[in-house]
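J.: coordinates for the following, if possible.
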Amino acid sequence: MYYPPSSSQLYNPTGVNYLSNAIKEKALTYIINETFEKISRQKFVDSGMKGRCIGYNEDNYKEKEKTYSMTRRGVNQLTKIFYTAEMALKDISVLQDNWNENGAKSFSRELVEKCYKILRQLTAEPFICPTACGSIQFEYEKENGEYLEFEIYEERIEFFSISQKGEEQEETFLGKSAAERMKQMVVDFYG
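T.: The predicted model follows:
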């Protein structure tokens with residue numbers, strides 16, 4: 001059998017006119033079923049490969065999100081670009097006034113840029129979220145209960161932590177050294 005390029009109908013080979021409609025129908029059904037089976041097999045293979053890749057499986061993503069966000073773009077350890085955190089900042093940058101339906105203001109471009117600069121200096125990817133009080137929050141949490149949080153405002157950074165023993169600590173950083181202190185605290189948190 002052959003398929004003319006200008007038509008999708010099934011034709012008999014040249015000079016053969018004795019094929020019945022039943023044979024033509026069986027041949028067409030066979031071709032269609034084989035095509036769908038190949039597509040199905042390929043889809044299964046693709047999903048199986050994706051299921052074993054870091055980041056495709058939701059559970060693996062949660063466990064390995066830092067590694068995934070660096071490898072997803074082919075980024076090496078020297079030039080860290082945290083995919084999940086960058087996407088969160090991008091989403092925060094487009095929030096409008098009353099984004100939480102409770103009167104919260106949108107975030108200034110300066111604050112979002114400050115957060116991008118800080119993010120690029122960090123050694124570990126934070127969970128990032130907006131707050132109703134006008135700050136952008138960077139969070140770190142360990143399985144042992146330790147917690148580290150930074151609320152970044154345009155003029156200051158507020159720090160809050162809980163140690164493994166449950167001890168709480170709070171502090172406010174001002175000035176140009178605030179980002180450096182935050183960076184060192186993240187290093188110490190994972191050190």
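
J.: what's downstream of the helix or strand bottoming out on mean pLDDT in the chain, the next helix or strand?
T.: Lowest by mean pLDDT, DSSP states H and E among the helices and strands of the chain is helix 58-71, with a mean of 44. Counting by DSSP states H and E, the next helix or strand C-terminal to helix 58-71 is helix 83-93.

J.: how about that following helix: buried residues?
T.: 83-86, 88-89, 92-93 (16 or more other CB atoms under 10 Å). In short, each C-beta sits where N, CA and C put it, glycine included.

J.: what of stretch 134-143?
T.: The neighbour-count check on stretch 134-143 (16+ other CB under 10 Å) flags 135-138, 140 as buried.

J.: secondary structure, pLDDT and distance to Leu174 for those - can I get that in JSON lines?
T.: Shown next, in JSON lines, are the buried residues of stretch 134-143 (DSSP: H, G, I helix; E, B strand; the rest coil; pLDDT from 0 to 100; distance: CB to CB, whole Å):
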{"residue": "Ser135", "secondary structure": "coil", "pLDDT": "95", "distance to Leu174": "14"}
{"residue": "Ile136", "secondary structure": "strand", "pLDDT": "96", "distance to Leu174": "17"}
{"residue": "Gln137", "secondary structure": "strand", "pLDDT": "96", "distance to Leu174": "18"}
{"residue": "Phe138", "secondary structure": "strand", "pLDDT": "96", "distance to Leu174": "17"}
{"residue": "Tyr140", "secondary structure": "strand", "pLDDT": "94", "distance to Leu174": "22"}
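
J.: Glu155: which of those residues is nearest?
T.: Lowest distance from Glu155 to the buried residues of stretch 134-143 (CB to CB) belongs to Ser135, with 10.6 Å.

J.: quick one: contacts for the closest one?
T.: 111, 151-153, 158 (CB atoms under 8 Å, 6 or more residues apart in numbering).

J.: which strands or helices does the helix or strand where Leu148 lies pack on?
T.: Per DSSP H and E: Leu148 is located in strand 147-152. Using 3 or more CB pairs under 8 Å, 6 or more residues apart in numbering; DSSP states H and E, the elements in contact with strand 147-152 are helix 109-121, strand 136-141, strand 156-162, helix 178-190.

J.: let's go with 10 Å and repeat that
T.: For strand 147-152, the elements it packs on are helix 109-121, strand 127-130, strand 136-141, strand 156-162, strand 168-174, helix 178-190, judged by 3 or more CB pairs under 10 Å, 6 or more residues apart in numbering; DSSP states H and E.
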